[in-house]
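Visitor: I'll drop the sequence and a predicted model, then ask my questions.
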Amino acid sequence: MRKNISSGAKWEDIVGYSRAVRVGNIIEVAGTTAVEGDKVMFPFDEYNQTQYILLKIQQALEDAGASITDVVRTRIYVTNIDKWEEVGKAHGEVFAHIKPATTMVEVAGLIQPDLVVEIEATAILEG
């Protein structure tokens, strides 16, 4: 059984995606940025964008019937790898005891120039 979770963003229908998708016990959370409506939250701020993104991911997981503790993998995209410690610190504050498999890579850019972090997550429910 498939359940699509929407954030209500206008782009979901335009681009054709969901904030998250749950199939059985697996939940995939789409690339998530620090955008609320049309506003970028914490422009050019790696640490605060990461915190904000992880809260959005947590909400998507809860909407799918999971929690942050069910996350087994994150993928982090940054526009400046030299700022990896700021991103890593915020990620570690959430995942220090969960320790999902994680990848962080530098990308040439994100959808808006003042976005500096994008994160995807995979969660698996036990049982």
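Guide: The structure has been received and is ready for your questions. Numbers count the residues shown, from 1 in each chain.

Visitor: From Arg19, how far off is Val35?
Guide: 12 Å (C-beta to C-beta, to the nearest Å). Any C-beta I mention is one placed from the backbone N, CA and C, and that applies to glycine too.

Visitor: Now do the shared contacts for those two.
Guide: Listed as contacting both Val35 and Arg19 by C-beta atoms under 8 Å, 6 or more residues apart in numbering are Ala9.

Visitor: Which SSE is immediately downstream of the helix or strand bottoming out on mean pLDDT in the chain?
Guide: Of all the helices and strands that make up the chain, helix 10-11 has the lowest average by mean pLDDT, DSSP states H and E, namely a mean of 85. Using DSSP states H and E, the helix or strand that follows helix 10-11 in sequence is strand 20-23.

Visitor: Just the buried positions in that next one, please.
Guide: Neighbour-count burial for strand 20-23 flags 20-22 (criterion: 16 or more other C-beta atoms under 10 Å).

Visitor: For Glu93, state which of those residues is nearest.
Guide: Ala20 (21.7 Å; C-beta to C-beta).

Visitor: which residues touch the closest one?
Guide: 4-5, 27-30, 60-61, 63-64.

Visitor: Counting neighbours, which bits of the host helix or strand of Arg73 end up buried?
Guide: Using DSSP H and E, Arg73 sits within strand 71-78. Using 16+ other C-beta under 10 Å as the test for burial, strand 71-78 gives 71, 74, 76-78.

Visitor: give the contact list for Val105.
Guide: 75-78, 81.

Visitor: which residue ranges form the helices in this structure?
Guide: 10-11, 46-63, 84-95 (DSSP state H).

Visitor: which residues are contacting the last one?
Guide: In other words, helix 84-95. Contacts of helix 84-95 (C-beta under 8 Å, 6+ apart): 46-48, 50-51, 54, 58, 68, 71, 74, 76, 78, 102, 104, 117, 119.

Visitor: and that helix with helix 46-63, angle?
Guide: Going by axes from the mean of the first three to the mean of the last three C-alpha atoms, to 10 degrees, helix 84-95 is angled at 30 degrees with respect to helix 46-63.
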